[in-house]
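**Q** below is the sequence, then the predicted model.
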Amino acid sequence: MKKTLVALSVLAASTGSAQAFELYNQDGVTVDMGGDIEVVYLQKTEKDHDLQQEIQDADVKFDVRYAINSELQFGGFFELQDTGSNMGDAYVALYSDSVGSFKVGRTCTALDDAGIGSDYQFGITTFFNGSEMFCGDEVVRWDLDKESFYATVALAQDKNGSTDVGVDSTYFDARVGYRVADFDFTVLGGSGETDAKNTETLLGAEARFNGIENLGLAAAFYTLDNETVKANTFGLSATYQLDVVVLAAGYSLSSDDVDANDDLNAWYVNAGYPLAPNTTAYVEVGGNDAKDSQTGFAIGVKAAF
């Protein structure tokens, strides 16, 4: 894992859920296709970074499933990222209505689903699901969602040296949540040995509240210990549906136990407008009080199908 938790506060695009469409459905066999694309003009928070265009997503994915019986399906999933220049997820899986799904192959682990807020470029959600640090070629993952209760457990190795997980170690993480009334509570954690022979352990807790019409609130706390530095991050976020426009803001405070390091405050505000189904045009501003930083700015469009 290359990033420390202090980097969480340099708040970066929550991914929307793709709405796949069905290509084939006959004799217990289904083939679904989906994808997403995002083009943005981005000025990063690093000092003197100029506004420039980035294509951040241009992905196509296929999900093929075979019905074994009324309870169980076998499937294969593969994804082409960035117009085919990068390989995305590629795994085989068993899907069960009662015990969830089991995936084996190239995919992301439980902590890739962590994060709060509705950020596009400068937020905590992006740190988790926009990063490759929780993804790998050699992953086994189990997911279960039973309306109120949900859980993900994953194991990863790195025998081919494609990530920072130690060659002779196993990375483990898990995410467990419970929905009750208007609340959604999540606890999460992960631990593994890096190539540098340090054991990194990340723990966190998230809480979300949606009991006020058109308003979503969330808070989170994360702590990372890599045997050299221990860092903590506390975050808050709010999302408000104003007619068709979605407004969002977030703030985080990070600190560590290195005397020479100052606490880091970070923030973002944004607005998103639905141009079409699963298509959003957005503007976001974000920043932090790190030395030699500047206010970040993004204007872009993202779409999922």
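**A** Alright, I've got the coordinates.
**Q** which stretch of helix or strand covers the closest residue to residue 121 other than its chain neighbours?
**A** Nearest non-adjacent residue to residue 121, counting by Cβ to Cβ, 6 or more residues apart in numbering: residue 298, 4.2 Å away. Every C-beta, even on glycine, is put in place using the N, C-alpha and C of the backbone. Assigned by DSSP states H and E, residue 298 falls within strand 296-304.
**Q** what does that strand rub up against?
**A** Outside strand 296-304, the residues that touch it by Cβ atoms under 8 Å, 6 or more residues apart in numbering are 13, 16-19, 34-45, 51, 56-57, 120-122, 275-276, 278-287.
**Q** listing partners with orientation, what would you give for that strand?
**A** Partner strands for strand 296-304, per DSSP bridges, with pairing direction: strand 29-43 (antiparallel), strand 279-288 (antiparallel).
**Q** which of the contacts of strand 296-304 are buried?
**A** 13, 16, 18, 34-38, 40, 42-45, 56-57, 120-122, 278, 280, 282, 284-287 (16 or more other Cβ atoms under 10 Å).
**Q** now mean pLDDT too, for the strands paired with strand 296-304, in JSON lines please.
**A** Output for the strands paired with strand 296-304, formatted as JSON lines (pLDDT from 0 to 100):
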{"stretch": "strand 29-43", "mean pLDDT": "96"}
{"stretch": "strand 279-288", "mean pLDDT": "96"}
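**Q** okay, these in a markdown table with distance to residue 182 next?
**A** Output for the strands paired with strand 296-304, formatted as a markdown table (distance: least, Cβ to Cβ, whole Å):
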| stretch | distance to residue 182 |
| --- | --- |
| strand 29-43 | 29 |
| strand 279-288 | 25 |
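**Q** low-scoring stretches of this protein, by residue?
**A** For the chain, the stretches with pLDDT under 70 are 1-19, 84, 125-133, 162-167, 195-196.
**Q** and with 80 instead?
**A** 1-20, 83-87, 124-134, 159-169, 194-198 (pLDDT under 80).
**Q** so where do the helices sit in it?
**A** Remark: helices assigned in the chain by DSSP state H are 124-129.
**Q** for the nearest residue to residue 154 once chain neighbours are set aside, which residues are in contact?
**A** Nearest in space to residue 154, with sequence neighbours left out and distances taken as Cβ to Cβ, 6+ apart, is residue 109 at 3.7 Å. By Cβ under 8 Å, 6+ apart, the residues touching residue 109 are 134-136, 139, 141, 152, 154-156, 171, 173, 190.
**Q** phi first, then psi, for residue 109.
**A** Per-residue torsions, residue 109: phi -90, psi -170 (degrees, to the nearest 10).
**Q** wait, which of the strands paired with strand 296-304 is closest to residue 147?
**A** strand 29-43 (22.9 Å; Cβ to Cβ).
**Q** got the CA coordinates for the closest one in CSV?
**A** The C-alpha trace of strand 29-43 is given here as CSV (Å, rounded to 0.1, in the frame of the first residue of the first chain):
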residue,chain,number,x,y,z
VAL,A,29,-27.3,-17.9,-19.9
THR,A,30,-27.1,-14.1,-19.6
VAL,A,31,-24.6,-11.7,-21.0
ASP,A,32,-24.6,-8.1,-19.7
MET,A,33,-22.5,-5.2,-21.0
GLY,A,34,-21.7,-2.0,-19.1
GLY,A,35,-19.2,0.8,-19.0
ASP,A,36,-18.4,4.3,-18.0
ILE,A,37,-16.6,7.4,-19.3
GLU,A,38,-15.4,10.5,-17.6
VAL,A,39,-13.7,13.6,-19.1
VAL,A,40,-12.7,16.4,-16.9
TYR,A,41,-10.7,19.7,-16.9
LEU,A,42,-8.7,19.5,-13.7
GLN,A,43,-6.5,21.8,-11.8
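**Q** residues near the closest residue to residue 235 other than its chain neighbours, how many?
**A** Sequence neighbours aside, residue 252 is the residue nearest to residue 235 in space, at 4.0 Å (criterion: Cβ to Cβ, 6+ apart). Residues within reach of residue 252, counting by other Cβ atoms under 10 Å, total 26.
**Q** all further residue positions should be reported with the first residue as 329.
**A** Sounds good: first residue 329 from here, last item residue 580.
**Q** quick check: residue 580 vs residue 592, distance?
**A** 8 Å (Cβ to Cβ, to the nearest Å).
**Q** same thing with residue 360?
**A** Counting by Cβ to Cβ - residue 360 and residue 592 are separated by 42 Å.
**Q** what of residue 538?
**A** Distance of residue 538 to residue 592, computed by Cβ to Cβ: 29 Å.
**Q** what do you get for residue 383?
**A** 29 Å.
**Q** those two - which one has more neighbours?
**A** Counted by other Cβ under 10 Å, residue 383 and residue 592 do not tie: residue 592 has more neighbours, with 21 against 12.
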